[in-house]
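J.: predicted coordinates and the sequence they were generated for:
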Amino acid sequence: MSETNLERARFNMIEQQIRPWEVLDERVLNLLDEMPREDFVPPECRNLAYMDISIPIGKGQVMLPPRVEARLLQALNPQPGDKVLEVGTGSGYLTALLARMADHVYSVEIDPELSQSAAEKLAEHGIRNVTLEVGDAARGWSEHEPYDAIILTGSTPILDENFQYDLAINGRLVAIVGQSPAMQARLITRQGPSGWSEEVLFETDVPALRNAPEPEKFQF
């Protein structure tokens, strides 16, 4: 696909997928227009970069559909002074968007090869305010807490409470919680040392984080 066609596909993604899905934050829309998503997908999927689909990126992982990424990013609402935790670096695309909106992003990926690939893509785009770490953060990642914002890029059947306690006061957490086919994207805001508010954003169905906590099975 030519550069002109990619630019038109990016425009159509914003106008036909993302705006109609209640993403109206101009910061988010402008950033989506500026960041070339095709640079973060596998080369063989370059022509699919702006389609309303999940794109496989290897290691059994996917990039979420653009409208889902945009809606989560809008709800998280990263601010210029924020310290952000991203659980699941994946392709590095959402990492790049977060880095452009926040002060610093700590992004944790369980697969070393995906982390290395994301590092190369971020470097190509001159994004340096990101610390990439390899590890299993499905139950939390307290090394750099408190965080002003936390986002999980895969679903989790149960949301570990560590994430809520790792938030700064007024910090926001966005996660997709539940089991297929009934999952909810939720926004959780820490209001005090032992107080949180929660808002259901939308329903969806996306792959789970590797090693995400599962409900306890009944024993007979």
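T.: Right, received. Where do you want to start? Numbers count the residues shown, from 1 in each chain.
J.: in the longest helix anywhere in the chain, which residues are buried?
T.: With secondary structure taken from DSSP state H, the chain has its longest helix at helix 112-124. Within helix 112-124, the residues scored as buried using 16 or more other C-beta atoms under 10 Å are 114-115, 117-119, 121-122. Just so you know, the C-beta spots here come from the backbone N, C-alpha and C atoms, and that holds for glycine as well.
J.: now do the helix or strand that comes right after it against helix 112-124, angle only.
T.: Using DSSP states H and E, the helix or strand that follows helix 112-124 in sequence is strand 130-134. With axes from the mean of the first three to the mean of the last three C-alpha atoms, to 10 degrees defining the directions, strand 130-134 sits at 170 degrees from helix 112-124.
J.: partners of strand 130-134 in the sheet?
T.: Strand 130-134 has its sheet partners listed here by DSSP bridges as strand 104-109 (parallel).
J.: how far out from the middle of the chain is the strand it pairs with?
T.: Mean-position distance between strand 104-109 and its chain equals 11 Å (C-alpha atoms, centre = their mean, to the nearest Å).
J.: with adjacent residues omitted, what lies nearest to residue 188?
T.: Distances taken as C-beta to C-beta, 6 or more residues apart in numbering put residue 173 closest to residue 188, at 4.3 Å, once the chain neighbours are dropped.
J.: show me what contacts residue 31?
T.: Contacts for residue 31 (C-beta atoms under 8 Å, 6 or more residues apart in numbering) come out as 97, 100-101.
J.: now with 10 Å?
T.: Applying C-beta atoms under 10 Å, 6 or more residues apart in numbering to residue 31 gives the contacts 25, 70, 73, 96-98, 100-101.
J.: which two from the buried residues of helix 112-124 end up farthest apart in space?
T.: Spatial extent of the buried residues of helix 112-124 (C-beta to C-beta) is set by the pair 114 and 122 at 12.4 Å.
J.: part of a helix, is residue 196?
T.: No. Going by DSSP: H, G, I helix; E, B strand; the rest coil, the assignment for residue 196 is strand, not a helix.
J.: neighbours of it, how many?
T.: Around residue 196 there are 15 other residues, counting by other C-beta atoms under 10 Å.
J.: does it touch residue 164 like I think?
T.: Yes. Counting by C-beta atoms under 10 Å, residue 196 touches residue 164, with 5.7 Å between them.
J.: next, show the common contact partners of those two.
T.: Shared contacts of residue 196 and residue 164, counting by C-beta under 10 Å, 6+ apart, come down to 171, 173, 188-190.
J.: what's the farthest-apart pair in the residues you listed?
T.: Maximum pairwise distance among the shared contacts of residue 196 and residue 164 (C-beta to C-beta): 9.0 Å, between 171 and 188.
J.: do you know the pLDDT at residue 219?
T.: With respect to pLDDT, residue 219 scores 57.
J.: do the same with residue 3
T.: At residue 3, the model reports a pLDDT of 79.
J.: now, which of the contacts of residue 31 sits nearest residue 143?
T.: residue 98 (17.4 Å).
J.: list phi and psi for that closest one.
T.: Phi and psi for residue 98, reported as degrees, to the nearest 10, are phi -60, psi -40.
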